[in-house]
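# give me a model of this one.
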Amino acid sequence: MIELRHLRSLAAIADTGKLVHAASQVHLTQSALSHQMRALEEHYGAALFQRTGAGLRFTPAGQRLLQLARETLVAVADAERDLLRLKGDAGGDLRIALECHTCFDWLMPVMDAFRGRWPEVEVDLLAGFHSDPLALLQSGKAELVIGSQKPRGRDYVALPLFRFEILAVLPVEHRLRAKRRIEAADLKGETLITYPVPEERIDLIRQVLKPAGIKLTRRTAELTVAILQLVASRRGIAALPNWGVRNYVDLDYVIARRIGAKGLWSDLHAVVPRALAGRPYVTEFVDIIRSKCAAGLDGIELL
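Numbers count the residues shown, from 1 in each chain. Below you'll find the model as predicted:
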């Protein structure tokens with residue numbers, strides 16, 4: 001008989017496309033998740049997936065159970081929210097700070113969906129650039145920070161969102177435009193345009209340039225659009241998330257290249273005080289981010 005745990009697993013597989021990532025999402029080993037899916041296939045006497053080079057593809061039988069999973073999980077979440085409202089325990093504050101302004105591209109639809117499900121929660125986005133967003137948690141000015149920086153100590157919890165690739169962003173006529181990928185040595189003599197944050201928080205510097213013994217002249221700007229304008233005007237290069245540059249690349253405003261043979265990747269988290277980590281509205285906010293980004297952002301991997 002199919003159970004909620006099976007439905008959650010099916011939804012996770014659909015969101016991630018791969019067993020290894022889905023298993024992490026539902027807190028199982030890959031072997032345990034494979035066993036769970038085989039048991040479902042044996043119970044219904046039908047294959048639920050086709051394995052392809054790009055990952056798992058649902059068969060018609062799998063699609064029908066996935067439809068059931070989507071509908072049922074939404075209904076369960078609705079009922080659980082209603083129960084909290086009956087207990088008078090559905091309210092709260094959720095002030096959000098961003099480590100990176102490129103998150104605006106996908107965060108606004110997330111916030112709209114969240115407000116529809118949790119109208120009792122006062123949700124707000126802290127304006128301006130924050131060079132140390134985790135300090136806003138410590139001072140009580142924010143309840144949630146979205147970024148790659150993980151907290152130290154036990155007072156805060158980093159809830160996993162997704163992995164994303166950081167791309168080298170270059171002017172369209174740049175000397176490296178013919179290269180399919182960029183290596184550290186290729187960047188000697190360039191000016192690197194970044195957000196005004198310490199060097200140890202910049203992945204390109206920490207993971208690529210510093211190990212190669214390369215130091216670039218650095219220029220800063222607070223807004224992503226300003227960074228891209230500077231790049232387009234041949235004032236330097238940048239390293240930005242894949243989702244943040246796609247539209248500009250499609251418009252031939254800039255070009256983007258992979259950094260290194262396997263790419264430069266970073267993990268994104270939602271950091272909250274430990275006391276809030278188990279609140280249902282916080283859990284659902286994170287779930288909405290994961291589901292919407294899995295459906296709408298190319299080139300990411302759910303954590």
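# drop to CA atoms for contacts and neighbour counts, all remaining ones
Will do.
# and the longest strand along the chain, how far out from the chain middle?
Longest strand of the chain, by residue count under DSSP state E: strand 156-170. Here strand 156-170 shows a centroid-to-chain-centroid distance of 6 Å under the convention Cα atoms, centre = their mean, to the nearest Å.
# before we move on, what about stretch 163-173?
In terms of Cα atoms, centre = their mean, the centre of stretch 163-173 is found 17 Å from the chain centre.
# the residue nearest in space to the middle of the chain: what's it in contact with?
Nearest to the geometric centre of the chain sits residue 162, at 3.6 Å (Cα atoms, centre = their mean). Shown in contact with residue 162 (Cα atoms under 8 Å, 6 or more residues apart in numbering): 267, 268, 269, 290, 300, 301, 302, 303.
# for this protein, give me the ranges with low pLDDT.
Applying pLDDT under 70 to the chain flags the ranges 54, 86-90.
# got the domain ranges for it?
Domains of the chain are assigned by automatic domain parsing as 4-85, 91-162+266-302, 165-265.
# tell me the helices and strands packed up against the longest helix along the chain.
The helix that spans the most residues within the chain, counting by DSSP state H, is helix 60-86. Secondary-structure packing of helix 60-86 (3 or more Cα pairs under 8 Å, 6 or more residues apart in numbering; DSSP states H and E): helix 4-16.
# would you mind identifying the next helix or strand past the helix it packs on?
helix 19-25 (DSSP states H and E).
# same for that following helix, what does it pack against?
helix 4-16, helix 30-44, strand 300-302.
# for the ones you listed, which one sits closest to residue 101?
Proximity to residue 101, assessed across those by Cα to Cα, is greatest for strand 300-302 (17.4 Å).
# what pairs with that closest one, parallel or antiparallel?
Applying DSSP bridges, strand 300-302 is found paired with strand 156-170 (antiparallel).
# dump the strand it pairs with to CSV, restricted to CA.
Presented in CSV, the C-alpha positions along strand 156-170 are these (Å, rounded to 0.1, in the frame of the first residue of the first chain):
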residue,chain,number,x,y,z
TYR,A,156,21.9,28.9,14.2
VAL,A,157,20.9,26.2,11.7
ALA,A,158,21.7,26.1,8.0
LEU,A,159,18.8,24.6,6.1
PRO,A,160,20.0,23.3,2.7
LEU,A,161,18.6,24.7,-0.5
PHE,A,162,20.6,23.9,-3.7
ARG,A,163,24.0,23.9,-5.4
PHE,A,164,24.6,26.3,-8.2
GLU,A,165,27.4,26.9,-10.6
ILE,A,166,29.4,30.1,-10.6
LEU,A,167,30.4,31.3,-14.1
ALA,A,168,33.1,33.6,-15.3
VAL,A,169,31.3,36.6,-16.9
LEU,A,170,33.3,38.5,-19.6
